[in-house]
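Asks: just a sequence and a predicted model for now, questions to come.
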Amino acid sequence: MRPRRFISGNPLTGRIRVPGDKSISHRSLMFGALAVGESRVTGLLEGEDVIATADALRAMGAKIERRQNADAVEWVIHGVGVGGLQQPENAVDMGNSGTAVRLLMGLVASHPVEVRFVGDASLSSRPMGRVITPLSETGAQFEASEGGRLPLTLRGICPAIPITYRLPVASAQVKSAVLLAGLNTAGITKVIEPVPTRDHTERMLKGFGADLQVEEVDGERIISLRGEAELSPQIIDVPGDPSSAAFFVVAALIVPGSEITIENVGLNPTRAGLFEVLRKMGGQIVEENRREVGGEPVADLRIRHSPLKGITVDPAIVPSMVDEFPALFVAAAFAEGTTIATGLEELRVKESDRLAVMAEALAHIGANVEEQGDGITITGTAGEYLPGAEGSIKTHLDHRIAMSMAIAGLGSQSGVEIDDTSPIGTSFPDFEQLLDQLTSAD
Ligand code: S3P
């Protein structure tokens, strides 16, 4: 356990870069591992979640190397080709990462191998039934722990059956698991997505040369993938993670006198919902130098301290900011008036139950919060600092709870103690260092 107290101090000033996008980093390694030949990736997030993906792919035969070149770190992946994943010798440990385990389950499902997946206490409490159900239709077999959880053993099948699957929950992980199983499955695998979710899998698989089509029919997205795909190696530059930028954006908005620039932030429309909501609340977030990096829209964001107003969040925007609600709740606690967010049931099955944990944590430090079954109502301080509290906030192995409450601490009188900052390493190893840099007076 590494506790730390975060407290009000200097405004945030300066320029930073946040690490590479987690979703794109996982996919770069996975697709590189299935291509024939050498892929090279710069900007890869070197967080524990992504390292777990690299280790699992190595255990299944891919060669993955980190090279420190003169000007940048480069990850070099020698893929085994679609269909070439090998039986790992031991159980693969996916640590804290839901994305890693669910996407890898998809990949393995159509390979003739048996894999035992294990994870930490948080991951072992998360539902895997959402991927077990569609992947079982392909012919893969599962022996899961009670409630469809980890540890579980997956017996892949080859040839697998191509399926058409309509997503019952808005989940990019489930969509991706089904599509990845389709890579090594002859025929067309289809996913019907009633509500659009992050589309990195589609963009990147196309980039790797897969035959993948996306159509819109009656407001639904239909994604069709032709297997058995041949993926050709790529050179990828991973853009900065908007989900990591989110914490500094909110911090700069709530701490008076702040003005920061965050360079190279990915602004894929399926990810950028938070920035839209914060702007509607009055947040000054200006995009500069818009460009494309790694096939994704990117810009530098300039953020200034701003008085915020409460808002009713349109539930339709939830999938494009599903990981950013803890940060939004902090912003809402400093806004003038009431913020109402609904349609948030998915937050209960993230690394922790983020609705319950954030409601309790914010109330503990003096915010006015009410938790509902699928949402939250927060009445803010109109810019006043929150009291803060004695005792520490439990982060429940959830990196985003730790970072959100750290930011809340910057706007508190007596400070906010986080019981354990170590989970931050899953997605943002240099978070504290960057925060200290932005808040150091010179
Ligand atoms: C992710 C999808 C989202 C998100 C997670 C990353 C991905 O999960 O919360 O952090 O990379 O596909 P769901 O698909 O469960 O919404």
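Replies: Structure received.

Asks: which bits of the chain sit near the ligand?
Replies: Within the chain, the residues that sit near the ligand (CB under 6 Å from any ligand atom) are 23, 99, 171-173, 176, 198, 322-323, 346. Heads up, the C-betas are built off the backbone N, CA and C, glycines and all.

Asks: to which secondary structure element type does the residue lying closest to Ala402 once chain neighbours are set aside belong?
Replies: Excluding the flanking residues, the one nearest Ala402 by CB to CB, 6 or more residues apart in numbering is Thr395, at 4.3 Å. Counting by DSSP: H, G, I helix; E, B strand; the rest coil, the backbone at Thr395 sits in coil.

Asks: from what I can see Thr395 touches Ile418, true?
Replies: Yes - at 5.9 Å, Thr395 counts as touching Ile418 under the criterion of CB atoms under 8 Å.

Asks: so what sits against both of those two?
Replies: 402, 405 (CB atoms under 8 Å, 6 or more residues apart in numbering).

Asks: got the contact list for Ile192?
Replies: The contact partners of Ile192, taken as CB under 8 Å, 6+ apart, are 164-167, 220-223.

Asks: from these, which is closest to the ligand?
Replies: Leu167 (9.4 Å; CB to the nearest ligand atom).

Asks: please parse the chain into its domains.
Replies: Listed domain ranges for the chain are 4-19+242-438, 22-224 (source: automatic domain parsing).

Asks: gap between the two ends of the last one?
Replies: Domain 22-224 has an end-to-end distance of 24 Å (CA to CA, to the nearest Å).

Asks: what of stretch 161-173?
Replies: Across stretch 161-173, first to last residue, CA to CA, it's 20 Å.

Asks: so which bits of that stretch are buried?
Replies: Neighbour counts using 16 or more other CB atoms under 10 Å place 162-163, 165, 167, 169-173 of stretch 161-173 among the buried residues.

Asks: for the stretch 251-400 of the chain, which segments count as helices?
Replies: Using DSSP state H, counting those that start in this stretch, the helices of the stretch 251-400 of the chain run over residues 273-280, 325-333, 354-364, 399-410.

Asks: can you list those in JSON lines and add mean pLDDT?
Replies: Conversion of these to JSON lines gives the following (pLDDT from 0 to 100):
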{"stretch": "helix 273-280", "mean pLDDT": "98"}
{"stretch": "helix 325-333", "mean pLDDT": "99"}
{"stretch": "helix 354-364", "mean pLDDT": "98"}
{"stretch": "helix 399-410", "mean pLDDT": "98"}
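
Asks: rebuild those helices as CSV, extending it with distance to Gly61 and mean neighbour count.
Replies: Listed next are the helices of the stretch 251-400 of the chain as CSV, based on distance: least, CB to CB, whole Å; neighbours: other CB atoms under 10 Å:
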stretch, distance to Gly61, mean neighbour count
helix 273-280, 38, 21
helix 325-333, 37, 28
helix 354-364, 36, 22
helix 399-410, 30, 28
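
Asks: Leu150: which of those helices is closest?
Replies: Nearest to Leu150, of all those, is helix 399-410, at 18.3 Å by CB to CB.

Asks: and the helix or strand following the closest one, what's buried?
Replies: Next helix or strand after helix 399-410 toward the C-terminus (DSSP states H and E): strand 416-418. Burial within strand 416-418, assessed by neighbour count using 16+ other CB under 10 Å, is assigned to 416-418.

Asks: what does stretch 300-310 give?
Replies: 300-303, 305-310.

Asks: pretty sure Glu263 contacts Val293?
Replies: No - Glu263 is beyond contact range of Val293, at 10.7 Å (criterion: CB under 8 Å).

Asks: ok, the two, which is more surrounded?
Replies: Val293 (19 against 16; other CB atoms under 10 Å).

Asks: partners of that one in the sheet?
Replies: Beta-bridge pairing for Val293 (DSSP bridges): Glu296.

Asks: that one contacts Pro239, correct?
Replies: Yes - counting by CB under 8 Å, Pro239 is a contact partner of Val293 at 4.4 Å.

Asks: intersection of neighbour lists for these two?
Replies: With CB under 8 Å, 6+ apart, Val293 and Pro239 have common neighbours 43, 264, 266.

Asks: which among the residues you listed gets closest to the ligand?
Replies: Of the shared contacts of Val293 and Pro239, the one sitting nearest to the ligand (CB to the nearest ligand atom) turns out to be Gly266, at 12.1 Å.

Asks: in contact with that closest one, which residues?
Replies: 21, 24, 239-242, 293, 296-298 are the contacts of Gly266 under CB under 8 Å, 6+ apart.

Asks: next, format those residues as JSON lines and append pLDDT.
Replies: Output for the contacts of Gly266, formatted as JSON lines (pLDDT from 0 to 100):
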{"residue": "Asp21", "pLDDT": "98"}
{"residue": "Ile24", "pLDDT": "98"}
{"residue": "Pro239", "pLDDT": "97"}
{"residue": "Gly240", "pLDDT": "98"}
{"residue": "Asp241", "pLDDT": "98"}
{"residue": "Pro242", "pLDDT": "98"}
{"residue": "Val293", "pLDDT": "89"}
{"residue": "Glu296", "pLDDT": "93"}
{"residue": "Pro297", "pLDDT": "97"}
{"residue": "Val298", "pLDDT": "98"}
